[in-house]
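>>> no letters, just coordinates:
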């Protein structure tokens, strides 16, 4: 039997987010019902709320960095029990049968995964999925993660998107002790990339356009900062990096970074979807077997692996905790990059 | 003591190739002196002769697909003896000490490898290296390959550039039984890519702009041909290929090929060095973890591996044997893609 829960969302692209009531499906045999404790605030939330990418169906309720407490489970659920601390990331469903799903790559489901918000809801086909800016969520147990004991729960929430989005390429390209990597962009994703790569044992550099972020990067664990606007600093790291995690969400010139890759190195775009300008020059790619790739969030098994790793290494995000009612101000500050490094909503405030 | 040998080269960018005499160094302790029997004709030969890339120093003697017979060896050479059939490819030296050389990646030598022609000659610093359009060559034994018994020697010559250039990415990206790959472009490199990928056990498609090459591709061993100008054929192979070997030497649109990569797939450019136009769209790369890379020839150990593999599987190039005196006509025909699939010079004709 369908239930209704309190949420924060927006009825239109040009309206601020406000309190609303949304439906949640009744708990099916494979479902886990979670009371949401914390929800991270991702740039995608803002883009979806404002229909920056097109395709938003209203009302829209963002949020895909969810940590909460299990309140009930369906009859076929064996891995979760009421009281467990659980998490939900960017995906709540996929076809489970295609060749990518069969390899635990649900994020590349050839039939399209179901996003945690603004996705086509298989259970309530007349609706889009609603995200974590809400009191509760009901999710198939395959897409629910276990949160290891000992982590700060609010600071764990951003691992579900910012964390896994940087973890997946670090693992796919086998970053570990002996690896030399670089991160472009020091935001929610970039700061997690530094922490996770350091946790994996790599030597980590941050590329920054100015010195203003140098101390922050070092404090986060980076071994060095390369000022990308200084040619002599870029020349000094030519041929250096095995992997570059590029978190910049807008178009930017990749050519100068490619020169800093080692032979067989890869620059991985995790933030920018669009046409590459200026034109990419292939000569250094051919002459050094250097690659450019993209990478999208991560699979469910890989997300659990990342959470377990963070539990073992006590890695969480640096966050600023806000109340649900502050979300519109938070969006404005995000647009000015005025956050170190992720806003997380204390969902208890939704009851205010 | 320096010796002189007969060769074919050009004194200027706008002059035809003609017979000339060039110096070869005396045979040092680590050197192998080879009487050249056959030399393949690569597009790079033509570009260098005509200074299409700039940087050519004249007189220029092209040729880096060399098969010949050892006539003498230096006192420290243990792996070759007079009478052996040996081969030389695109490299005749490198620093041997950088991190890439230390990994048998001499082609990515951070100090710059010595090209077989128009390279800075370490032994005769006042000269550039002279290539295989000549009667003999003297090469450090580390850069001399063994030719397995049983192969047609003339048809083996193109393996030293066209072969290794396609073999290296097939091996680096782990193509084998179960792999599904595609080749773009059916020239000297493309036809070798088909043969080698089939030899490795992969399912192989050729992308072609028209049906005119379909039968040729099937005859070479391709499993299918996809006409890239037909949208329905391209749609039918969306998400299909683990690796695409792109041999096209001029600028072309990669976006439609990227859509045909499977998740985690890689398109490898082996022919085009320059600015990518039209602009590359990163969305399908991010959403499917798809990569674009370059790749340059191959290392020496890998070249020997490729030759040994070709010996076991009786793989050689499809060639048209010419006399040295026909080289200028051959260049004109190459510019019209009028060759199936590689010209090889019978160096006995140099004695005419």
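Looks like it came in fine. In this text, all values refer to a predicted model and were calculated from it rather than measured experimentally. Residues are numbered from 1 along each chain as shown, chains lettered A, B, ... in the order given.
>>> domains in chain A, by residue range?
Using automatic domain parsing, the domains assigned to chain A come out as A:2-161+A:318-351, A:162-294.
>>> dump these into TSV; add distance to chain B, mean pLDDT and mean neighbour count as well.
For every residue, glycine as well, the C-beta is placed using N, CA and C. Formatted as TSV, these follow (distance: least, CB to the nearest CB, whole Å; pLDDT from 0 to 100; neighbours: other CB atoms under 10 Å in any protein chain shown):
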stretch	distance to chain B	mean pLDDT	mean neighbour count
domain A:2-161+A:318-351	4	97	19
domain A:162-294	3	96	21
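>>> reformat those domains as TSV; add distance to residue B:51.
Formatted as TSV, the domains of chain A follow (distance: least, CB to CB, whole Å):
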stretch	distance to residue B:51
domain A:2-161+A:318-351	46
domain A:162-294	17
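>>> assign a three-state SS to the closest residue to residue A:37 other than its chain neighbours, would you?
Nearest residue to residue A:37 in three dimensions, chain neighbours excluded: residue A:68, at 4.8 Å (CB to CB, 6 or more residues apart in numbering or on different chains). Secondary structure, DSSP: H, G, I helix; E, B strand; the rest coil: residue A:68 is strand.
>>> show me what residue A:68 is bridged to.
Under DSSP bridges, the beta-bridge partners of residue A:68 are residue A:36, residue A:86.
>>> and residue A:146, by the same measure?
So, taking DSSP bridges as the rule, residue A:146 has residue A:86 as bridge partners.
>>> list the buried residues in the helix with the most length in chain A.
As assigned by DSSP state H, the longest helix anywhere in chain A is helix A:300-313. Neighbour-count burial for helix A:300-313, with 16 or more other CB atoms under 10 Å in any protein chain shown as criterion, is recorded at A:300, A:302-307, A:309-311.
>>> immediately after that helix, which helix or strand?
The first helix or strand that comes after helix A:300-313 along the chain, using DSSP states H and E, is strand A:319-323.
>>> what strands flank that following strand, and is each parallel or antiparallel?
strand A:342-346 (parallel).
>>> now do the strand it pairs with: everything it contacts.
Strand A:342-346 has contacts (CB atoms under 8 Å, 6 or more residues apart in numbering or on different chains) with A:37-41, A:63, A:65, A:133, A:154-155, A:157-158, A:162, A:188, A:317-324, A:327, A:330, A:333-334.
>>> 7 Å - rerun?
A:38-41, A:133, A:154, A:157-158, A:162, A:188, A:317, A:319-324, A:327, A:330 (CB atoms under 7 Å, 6 or more residues apart in numbering or on different chains).
>>> go on, stretch A:271-282?
A:185, A:189, A:246-251, A:253-255, B:269, B:272-277, B:279-283, B:286, B:294.
>>> and for stretch A:242-259?
So stretch A:242-259 is contacted by A:43, A:166, A:169, A:173, A:175, A:179-185, A:187, A:189-190, A:193, A:207, A:228, A:234, A:238, A:261-262, A:265-272, A:274, A:276-278, A:280-281, A:284-285, A:290, A:292 (CB under 7 Å, 6+ apart).
>>> filter these down to the ones in helices?
Short answer: the contacts of stretch A:242-259 in helices (DSSP H) are A:43, A:166, A:169, A:189-190, A:193, A:234, A:284-285.
>>> endpoints of stretch A:266-279, how far apart?
18 Å (CA to CA, to the nearest Å).
>>> so where does residue A:33 fall, helix or strand?
strand A:31-41.
>>> thinking again about what came up before, need the contact list for the residue nearest to residue A:37.
A:34-37, A:86.
>>> next: residue A:220.
Counting by CB under 7 Å, 6+ apart, residue A:220 touches A:191, A:194-195.
>>> just the helices in the stretch 1-150 of chain A please.
A:43-49 (DSSP state H, counting those that start in this stretch).
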